[in-house]
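1. fold the following and give me the result.
(one chain, ligands or ions: 2)
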Amino acid sequence: MTEAFIHAENLTFSYKGSNGADDIPALTNISLDIQKGEYVAVLGHNGSGKSTFAKLLNLILEPTSGTLIVGGTDLSSGDLSEAELIALRRRVGMVFQNPDNQLVATIVEDDVAFGPENLGVPMPELRERVDGALATVGMSEYADREPHHLSGGQKQRVAIAGILAMRPECIIFDESTAMLDPLGRREVLDTIRALNRENGMTVINITHYMNEAALADRVVVINDGTLLMDGTPDEVFARRDELRAVGLEVPQCAELIHRLREAGVPIEGTAISTAKGCAELLVAAFSKRGNENG
Ligand code: ADP
Ligand code: MG
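-> Residues are numbered from 1 along each chain as shown. Ligands and ions are numbered 1, 2, ... in the order given. Model (predicted):
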């Protein structure tokens, strides 16, 4: 059994209260493993602790208690040197919500080069990394453009390229599609999927969009700082009433199946999280009915 890329056990974090105020608990006893190459979506309403979880993985924050091991290194031991911290931080890349806050240079390729340059990557490897990263996100032809002329989706893809150029083993997207129009969202989601499926990148996608979560292999639901659910999209979205109780929805196609079942329509099967799966369940249910009636 190979060890998980991310291993969290009773991971707990509280923000220090300012001016003697009580500490603010953000995550309590989170236990989960994420394997290399997994594509995990993280759901939870505002303030549930999703970004705190991401920041712990990225070593921006240090656990208050519990265990957190990333890529074989114990981040909860509290005695990592500055050099170790820097080396570890680039193993887990982060893409944030606002594309405008993430681009630092005035030319796309300089922006993508910024991270690896700071890591001391020399020429010609730097050139290779930048070209490779831009090609991976489908932005090669924009290499010499100015970022502020790009669409939101294109800017996010440049931000992703900047992370890729640092050769991380895992990328966390913290609501990275939230500010994008539908086309931009599609571009970024296709990029995320290709990174996972074709390049074997471990992906953690924190999102508010249920349809987006349905694209992942696994969905983790965090509520009030605790782990509420952890399963495949079909397993998680089967638990609609529990999700609703904590203010979350299921994808519309799953909602349709739940309502038809409530109305007494016999629909068998579990593939409720995508339109394709739901369509197949409905076709099977209708053809069975047709056969029974004829
Ligand atoms: P999410 O990303 O799911 O919206 P966060 O991880 O940002 O949730 O926040 C979890 C909890 O921690 C919330 O109660 C939030 O108010 C609190 N919190 C987040 N950042 C800070 C901070 N810098 N200082 C104090 N409390 C914070
Ligand atoms: Mg957040």
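2. mind listing what's buried in stretch 98-105?
-> Within stretch 98-105, the residues scored as buried using 16 or more other C-beta atoms under 10 Å are 99, 102, 103. For every residue, glycine as well, the C-beta is placed using N, CA and C.
3. same question for stretch 3-19.
-> Buried residues in stretch 3-19, counted by 16+ other C-beta under 10 Å: 4, 5, 6, 7, 8, 11, 12, 13, 14.
4. do I have it right that residue 39 meets residue 220?
-> No: with contact defined as C-beta atoms under 8 Å, residue 39 does not count as touching residue 220 (11.6 Å).
5. neighbour-wise, which of the two wins?
-> Set side by side, residue 39 and residue 220 show more neighbours around residue 220, with 24 against 19, by other C-beta atoms under 10 Å.
6. quick check: the gap between the more buried one and residue 207.
-> The span separating residue 220 from residue 207 equals 11 Å under the rule C-beta to C-beta, to the nearest Å.
7. now do residue 256
-> Distance of residue 256 to residue 207, given as C-beta to C-beta: 21 Å.
8. show me which of the two is the more surrounded one.
-> When neighbours are counted by other C-beta under 10 Å, residue 207 comes out ahead of the other of residue 256 and residue 207, with 24 against 16.
9. where do the strands sit along the stretch 1-150 of the chain?
-> All strands of the stretch 1-150 of the chain, identified by DSSP state E, counting those that start in this stretch, fall at 6-15, 24-34, 39-43, 65-70, 73-74, 92-95.
10. roughly how far does the residue nearest to residue 102 when sequence neighbours are not counted sit from residue 96?
-> With sequence-adjacent residues excluded and distances taken as C-beta to C-beta, 6 or more residues apart in numbering, residue 102 is closest to residue 159, at 4.3 Å. Residue 159 sits 8 Å away from residue 96, taking C-beta to C-beta as the criterion.
11. same thing with residue 16?
-> The value you get for residue 16 to residue 96, if C-beta to C-beta is used, is 23 Å.
12. residue contacts, whichever residue of the stretch 1-150 of the chain sits closest to ligand 2?
-> Residue nearest to ligand 2 within the stretch 1-150 of the chain: residue 51 (3.2 Å; C-beta to the ion). Residue 51 makes contacts with 174, 206, as judged by C-beta atoms under 8 Å, 6 or more residues apart in numbering.
13. tell me the confidence at it?
-> As predicted, residue 51 sits at a pLDDT of 97.
14. go ahead and name everything in contact with stretch 88-104.
-> For stretch 88-104, contacts defined as C-beta under 8 Å, 6+ apart pick out 54, 57-59, 70-71, 73, 75, 80, 111, 114-115, 119, 147, 152, 155-156, 158-160, 162-164, 166-176, 178-180.
15. I'd like the strands of the stretch 1-150 of the chain as JSON lines, with mean pLDDT and distance to ligand 1 appended.
-> Formatted as JSON lines, the entries for the strands of the stretch 1-150 of the chain read as follows, by pLDDT from 0 to 100; distance: least, C-beta to the nearest ligand atom, whole Å:
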{"stretch": "strand 6-15", "mean pLDDT": "97", "distance to ligand 1": "3"}
{"stretch": "strand 24-34", "mean pLDDT": "97", "distance to ligand 1": "4"}
{"stretch": "strand 39-43", "mean pLDDT": "98", "distance to ligand 1": "8"}
{"stretch": "strand 65-70", "mean pLDDT": "95", "distance to ligand 1": "15"}
{"stretch": "strand 73-74", "mean pLDDT": "90", "distance to ligand 1": "22"}
{"stretch": "strand 92-95", "mean pLDDT": "95", "distance to ligand 1": "12"}
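16. quick one, which of these gets closest to residue 233.
-> strand 39-43 (7.6 Å; C-beta to C-beta).
17. just checking, what packs against the closest one?
-> When contacts are defined as 3 or more C-beta pairs under 8 Å, 6 or more residues apart in numbering; DSSP states H and E, strand 39-43 packs onto helix 182-199, strand 202-206, helix 210-213, strand 218-223.
18. who touches the shortest one?
-> Taking C-beta under 8 Å, 6+ apart as the criterion, the residues outside helix 210-213 that touch it are 41, 43, 177, 185, 189, 205, 207, 219, 233, 236-237, 248-252, 254.
19. got the residues of the protein near ligand 2?
-> Where the chain comes near ligand 2, counting by C-beta under 5 Å from the ion, the residues are 50, 51.
20. cheers, nothing more for now.
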